[in-house]
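In: Need coordinates for the below:
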Amino acid sequence: MGIYPSRFAHGLMFHRFYKSGNPSAGQGSLTEVEFEKILNYVGTERILQPAEWISRVKTHSLQKHHLCITFDDGLRSQFDVALPILEKYRLKAFWFVFSSVFNGEIDRNEVYNRFATTEFTSFEVFVEEFFQFYPVPDRVFQNNGYGHFTRSLREQFPFYTEKDIKFRFIRNKLLLRSDFEKVMDSMIETKGLSVSKIAEDLWLTNEHLQSLYENGHCIGLHSYDHPFTMADLPVEKQEEQYARNYKHISHATGGIVECMSHPLNSYSQDTIDILSKMGIICGFRSNMTQPIEKSINTHRLELAREDGVNFLKILP
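Out: Next comes the predicted model:
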């Protein structure tokens, strides 16, 4: 049994990976060595396979020591770097994917992360250049809800720096997505690069999804094109996001879809209602914070998760 304490059942959330000895894959990225250390720290015998987790959600029989493994965003590095470690311990995981990238579209947010990682010495340096490229007056951060945004983000992701938060505030709250992308695309062009070149081999393919599904992993919803703030979309747009996502995954795997995770932890009661009507059994938040006016894990579509990056601070 691992030594990781747990007050309630929750998922372990992972995003980016890279092979040890190679350059980092960006903020929150882990090597296969770190991933394996985390699994041993929490105790592999406590990690439920997706089928058992879903069954226990249905029967309200999850115990506080139960854990599961989840991957967000359908990144190729998860398959190449993390999957071999899962196979070593005969573990299965939840893989939450958004569908646009499987249809030939490009998720620029992930491209921008790779750009910030490979072309700058640190994310902090990238943010400094971003604000040189797109100057923002200090008064912008003195109102416009910046204080509330900062408190909320720090509560959810304590490892974010002040520069991280300012960048995300501009990206998520002040700029239209199209305007943000124009700024970033211009930055990329000044480096003599292109979005399509940076995007090569970033994401899984439908063949990967089918292989994972056939080997006992669970493929779940994560929206169609990963909007920054799902909760702000009209109901019909949210319905479209998840209907297209569901259709893609069910077609790619040949199976039903029963699970999901909320992209960027953004959702509303409308979102919950939409997912419930679709027959989704369990859904995951992106942190261990309880939803407003609720206790942890009171709703099967708001289950807690711990970010894998946080384990790096507490591993023995």
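
In: so where's the protein uncertain?
Out: Applying pLDDT under 70 to the chain flags residues 1-2, 292-293.

In: ranges for the strands of the stretch 201-316 of the chain?
Out: 218-221, 259-261, 282-284, 305-307 (DSSP state E, counting those that start in this stretch).

In: Any chance of a markdown table for those, columns mean neighbour count and distance to Glu240?
Out: Where C-beta positions appear, they are placed from N, C-alpha and C, glycine not excepted. Listed next are the strands of the stretch 201-316 of the chain as a markdown table, based on neighbours: other C-beta atoms under 10 Å; distance: least, C-beta to C-beta, whole Å:
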| stretch | mean neighbour count | distance to Glu240 |
| --- | --- | --- |
| strand 218-221 | 26 | 13 |
| strand 259-261 | 26 | 15 |
| strand 282-284 | 25 | 18 |
| strand 305-307 | 20 | 25 |
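
In: for the helix ranked longest in the chain, which positions count as buried?
Out: Secondary structure of the chain per DSSP state H: the longest helix is helix 235-253. Neighbour-count burial for helix 235-253, counted by 16 or more other C-beta atoms under 10 Å, picks out 238-239, 241-242, 244-246, 248-249, 252-253.

In: thinking again about what came up before, just so I know, which of the strands of the stretch 201-316 of the chain lies nearest Asp270?
Out: strand 282-284 (13.7 Å; C-beta to C-beta).

In: so what secondary structure elements neighbour the closest one?
Out: Contact here means 3 or more C-beta pairs under 8 Å, 6 or more residues apart in numbering; DSSP states H and E; on that basis strand 282-284 packs against helix 50-59, strand 259-261.

In: any idea which of those is most buried?
Out: Here the criterion is mean neighbour count by mean count of other C-beta atoms under 10 Å, and of those the winner is strand 259-261, at a mean of 26.

In: quick one: contacts for Tyr246?
Out: 221, 257, 278 (C-beta atoms under 8 Å, 6 or more residues apart in numbering).

In: Closest one of the residues you listed to Arg300?
Out: Distances from Arg300 to the contacts of Tyr246, taken by C-beta to C-beta, are shortest for Met278, at 13.2 Å.

In: Let me see the contact set for that closest one.
Out: Neighbouring residues of Met278 by C-beta under 8 Å, 6+ apart: 242-243, 246, 257.

In: now, which of these sits nearest Ser6?
Out: Checking the contacts of Met278 against Ser6 by C-beta to C-beta gives Val257 as the nearest, at 27.4 Å.

In: Helices of the chain, start to end?
Out: Shown for the chain, the helices assigned by DSSP H span residues 32-42, 50-59, 76-77, 83-88, 108-119, 123-133, 146-156, 162-169, 177-190, 195-198, 206-214, 235-253, 269-277.

In: looking at those helices, which is closest to Leu12?
Out: helix 32-42 (6.9 Å).

In: quick one: contacts of the closest one?
Out: For helix 32-42, contacts defined as C-beta under 8 Å, 6+ apart pick out 2-4, 12, 14, 17, 19-20, 30, 47, 67, 69, 81-82, 84-85, 88-89, 91, 308, 311-312, 314-316.

In: Kindly provide the distance from the residue sitting furthest away from the middle of the chain to Leu175.
Out: Relative to the centre of the chain, the most outlying C-alpha is that of Arg139, 31.1 Å out, by C-alpha atoms, centre = their mean. Separation of Arg139 from Leu175 (C-beta to C-beta, to the nearest Å) stands at 16 Å.

In: ok, now Asn22?
Out: Counting by C-beta to C-beta - Asn22 and Leu175 are separated by 32 Å.

In: go on, Ile188?
Out: 16 Å.

In: What's opposite the residue most central in space within the chain in the beta bridge?
Out: With distances taken as C-alpha atoms, centre = their mean, the chain has Asp72 as the residue nearest its mean C-alpha position (3.9 Å). Counting by DSSP bridges, Asp72 forms beta bridges with Phe96.
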